[in-house]
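Enquirer: Build me a model from this:
(2 chains)
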There are 2 protein chains.
Amino acid sequence: MTNSTLRATLACAVFLAAPATAFANDLLEEAKDYFAPIPSVVPAVKNNAVTSDKINLGKMLFFDPRLSSSALISCNTCHNLGMGGDDNLETSIGHGWQKGPRNAPTVLNAVFNVAQFWDGRAEDLKAQAKGPVQAGVEMASTPARVEETLNSMPAYVEAFGKAFPGEDKPVTFDNMAKAIEAFEATLITPYSRFDQFLEGNTSVLNEEEQAGLQLFMDTGCASCHSGVNLGGEDYYPFGVVEKPGADILPASDKGRFAVTQTADEEYVFRAGPLRNIELTAPYFHSGKVWDLEQAVAIMSSSQLGEELTDDQIKKITAFLKTLTGEQPKVEYPILPVETAETPKPEAMIAK
Amino acid sequence: MTNSTLRATLACAVFLAAPATAFANDLLEEAKDYFAPIPSVVPAVKNNAVTSDKINLGKMLFFDPRLSSSALISCNTCHNLGMGGDDNLETSIGHGWQKGPRNAPTVLNAVFNVAQFWDGRAEDLKAQAKGPVQAGVEMASTPARVEETLNSMPAYVEAFGKAFPGEDKPVTFDNMAKAIEAFEATLITPYSRFDQFLEGNTSVLNEEEQAGLQLFMDTGCASCHSGVNLGGEDYYPFGVVEKPGADILPASDKGRFAVTQTADEEYVFRAGPLRNIELTAPYFHSGKVWDLEQAVAIMSSSQLGEELTDDQIKKITAFLKTLTGEQPKVEYPILPVETAETPKPEAMIAK
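Expert: I've put the predicted structure just below:
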């Protein structure tokens, strides 16, 4: 190649690249109006200073099956940190092999949600953490049993003392929840390709993914699925335009209505946060849909009243797969050993 | 203190210390005839080169609940690496909340046992690993389902290719077991205080613990509980002198008899390995005894025909607590994401 041919080729390449770059830059500017990247540092949490002692304690509690009365089920059982922060089941299996009512939401990036659970009935992660521990179909324990369990192990008593300095009786059910919240605040997944795009590195998304992002905003997905978590920020009726089938939206689960008792909140749910969505099938509160493209199609018809083409669905799905971030690196905790005072497991009771 | 007083005091201290040191040195020499320290490097495994690729794959498999048909139960469920490598239940809870027949043995240092399971029916860890995966009361899967599951996920196919280079079809049930064995070979707990003692640092055991070690050898415990694991090396009748009660030794579980069909192997079990015994209550194959002192008392009457005094039991128990080693540091693995080809969980089937 002569120098002049090279120059001509380069000029041509620049000319050809120009529209793509311009498109990407416009796309980035538009995207910034809807979305925000995951911060690379642990976010602050309301009324709960996130200290390293609290995080360490919270990690032990998160993995400790003795928070359940069976001594078999830990937070990590249903919010598996190796599997996108959920259990990849339709609905969770809990105490006595009972089936839970809804699909387990991921714990990853949950700190960015406006409230917790599908119906937002817990205002934050410390309120959330108390739910499954007590739910009969989940961990089936009680605050008294949990406190007795934790107080029976000197290593836990010491860890609570460090995590909650200056408190007279630090080993409480409330503090258990606060420590778990502190640990969960660390479970964020930054550096997804979409985050890199939002930070200005537009070339990290390919043409199909960029087209998918454009469609995600143009068709209206981003009206509900926005913010840091692309969802998790507000509540919307499932089936705002057209109700999906009863397998996907069972009539008996009226969503946020059970929380607010407000008629117009029947079948209202918190918009699902879409971070790491590729890792958290099956989808929806009923957990009936395993295929992400199918989930996108259902959303578009039920929420937007729009039948997307297969090509559009593929592009949006390709975009959604750019939301997979760096998964948390967690050293598996060594848990305190039980003592004669530790309540014995109730796992032996058949259900 | 004057120089001469200091000299006199030192001379006196040396004089007083001498018998203790001499005792410790004699004790050490005697102990070396029975026991060996845990090596600080990963031990070799028969017919299975322990490579880092195999260890990494094995770790994923060990923590992956999708080896069970419910997609809820992993190896770590019953062999919890944060809890001494077992589940601290009488007997394990498995598929459909079924109760297993025997107490889950610890996976820690299991590589040093002569064979696996309470009755030694698996000759090594790769043979062992295939058992619970298929057992109906445990993970309730099949080799075909496991292979289909693993083959459905490209990241697993790649990991098997690396772990078993040169093999045409590396994703097999057998290779799953080999990878798990390789990971489990890393689950050793060196540097217990007893190991330090065996390495010559006799002062690391206090007087009571040294007396306990002496009793452990003198009364005959060490006849069965010897070697690296202080047990796990051979088979003995439970109740060689006097059978314990039916709650502790249920008549229906005839131990090694089921393996060998030899009449004199009725109620014969592998001597329990005692490493980390402080962490692995409840004790015995029936898991009925939570208290270590009580377990020592039962052993002494049933196996040695000797009623130890409370003081002797306390001393032996104090010694046994020096067997707790450094617990494995394991980064929780990020597991491959399922695909459309991955068999769906059967967890929803009520039992």
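Enquirer: quick one: the most centrally placed residue in chain A from A:Ala246, how far?
Expert: With distances taken as Cα atoms, centre = their mean, chain A has A:Thr106 as the residue nearest its mean C-alpha position (3.4 Å). To A:Ala246, A:Thr106 is 25 Å away according to Cβ to Cβ, to the nearest Å. C-beta coordinates here come from the backbone N, C-alpha and C atoms, glycine included.
Enquirer: Excluding chain neighbours, give the residue nearest to the residue nearest to the centre of chain A in space.
Expert: Counting by Cβ to Cβ, 6 or more residues apart in numbering or on different chains, the nearest residue to A:Thr106 once its immediate chain neighbours are dropped is A:Gly85, at 3.7 Å.
Enquirer: and what of A:His225?
Expert: A:His225's closest residue in space is A:Gly231 (Cβ to Cβ, 6+ apart), at 4.3 Å.
Enquirer: hmm, back to that, check the contact between the residue nearest to the centre of chain A and A:Asp86; I expect there is one.
Expert: Yes - at 4.6 Å, A:Thr106 counts as touching A:Asp86 under the criterion of Cβ atoms under 8 Å.
Enquirer: Quick check: neighbours shared by these two?
Expert: Applying Cβ atoms under 8 Å, 6 or more residues apart in numbering or on different chains, one finds that A:Thr106 and A:Asp86 are jointly contacted by A:79, A:280.
Enquirer: Looking at the residue in chain A that chain B sits nearest to now. What's its pLDDT?
Expert: Residue nearest to chain B within chain A (Cβ to the nearest Cβ): A:Trp97, separated by 3.8 Å. Reading off the confidence values, A:Trp97 has pLDDT 94.
Enquirer: now do the one 5 residues further on
Expert: In the predicted model, A:Arg102 carries a pLDDT score of 93.
Enquirer: what's the distance between it and A:Leu274?
Expert: Counting by Cβ to Cβ - A:Arg102 and A:Leu274 are separated by 17 Å.
Enquirer: again with A:Thr262
Expert: 26 Å.
Enquirer: more crowded one of the two?
Expert: Using other Cβ atoms under 10 Å in any protein chain shown, the more surrounded residue of A:Thr262 and A:Leu274 is A:Leu274, with 21 against 10.
Enquirer: I figured the more buried one hits A:Ser226, correct?
Expert: No - here A:Leu274 does not reach A:Ser226: they are 9.9 Å apart, not a contact under Cβ under 8 Å.
Enquirer: What is the neighbour count of the closest residue to A:Glu266 other than its chain neighbours?
Expert: Once flanking residues are discounted, A:Glu266 sits nearest to A:Phe257: 4.5 Å by Cβ to Cβ, 6+ apart. Neighbours of A:Phe257 under the rule other Cβ under 10 Å: 16.
Enquirer: now do A:Leu323
Expert: With other Cβ under 10 Å as criterion, A:Leu323 counts 23.
Enquirer: Could you do A:Ala104 as well?
Expert: By other Cβ under 10 Å, neighbour count at A:Ala104 equals 25.
Enquirer: which stretches of the stretch 201-350 of chain A have low pLDDT?
Expert: Residue ranges of the stretch 201-350 of chain A with pLDDT under 70: A:347-350.
Enquirer: Get me the contact residues on it for chain B.
Expert: A:278-279, A:281, A:290-291, A:327, A:329-335, A:337-338, A:340, A:344-345, A:347-348, A:350 (Cβ under 8 Å from any Cβ of the partner chain).
Enquirer: now the helices: where do they sit in the stretch 51-200 of chain A?
Expert: Under the criterion DSSP state H, counting those that start in this stretch, the stretch 51-200 of chain A contains helices at A:52-63, A:75-78, A:125-134, A:143-151, A:154-163, A:173-185, A:193-198.
Enquirer: neighbouring contacts of the last one?
Expert: For helix A:193-198, the external contacting residues (Cβ under 8 Å, 6+ apart) are A:28, A:31-32, A:35-38, A:204-205, A:209, A:213, A:319, A:322-325.
Enquirer: Identify the residues contacting A:Ile55.
Expert: A:Ile55 makes contacts with A:179, A:182-183, A:185-186, as judged by Cβ under 8 Å, 6+ apart.
Enquirer: at 7 Å instead, please
Expert: In this structure, A:Ile55 makes contact with A:182-183, A:186, judged by Cβ atoms under 7 Å, 6 or more residues apart in numbering or on different chains.
Enquirer: Might one say that A:Glu242 is in contact with A:Gly305?
Expert: Yes - contact criterion Cβ atoms under 7 Å: A:Glu242 and A:Gly305 qualify, at 6.4 Å.
Enquirer: Send me stretch A:200-210 as PDB with only the CA atoms.
Expert: Below are the C-alpha coordinates for stretch A:200-210, written out as PDB (Å, rounded to 0.1, in the frame of the first residue of the first chain):
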ATOM      1  CA  GLY A 200     -18.100   7.500  27.700                       C
ATOM      2  CA  ASN A 201     -16.600   4.500  26.200                       C
ATOM      3  CA  THR A 202     -19.300   4.100  23.600                       C
ATOM      4  CA  SER A 203     -17.400   1.600  21.400                       C
ATOM      5  CA  VAL A 204     -17.800  -1.100  24.100                       C
ATOM      6  CA  LEU A 205     -21.400  -1.700  22.900                       C
ATOM      7  CA  ASN A 206     -21.700  -3.100  19.400                       C
ATOM      8  CA  GLU A 207     -24.100  -2.000  16.800                       C
ATOM      9  CA  GLU A 208     -26.900  -4.400  17.800                       C
ATOM     10  CA  GLU A 209     -26.600  -3.500  21.400                       C
ATOM     11  CA  GLN A 210     -26.600   0.200  20.700                       C
END
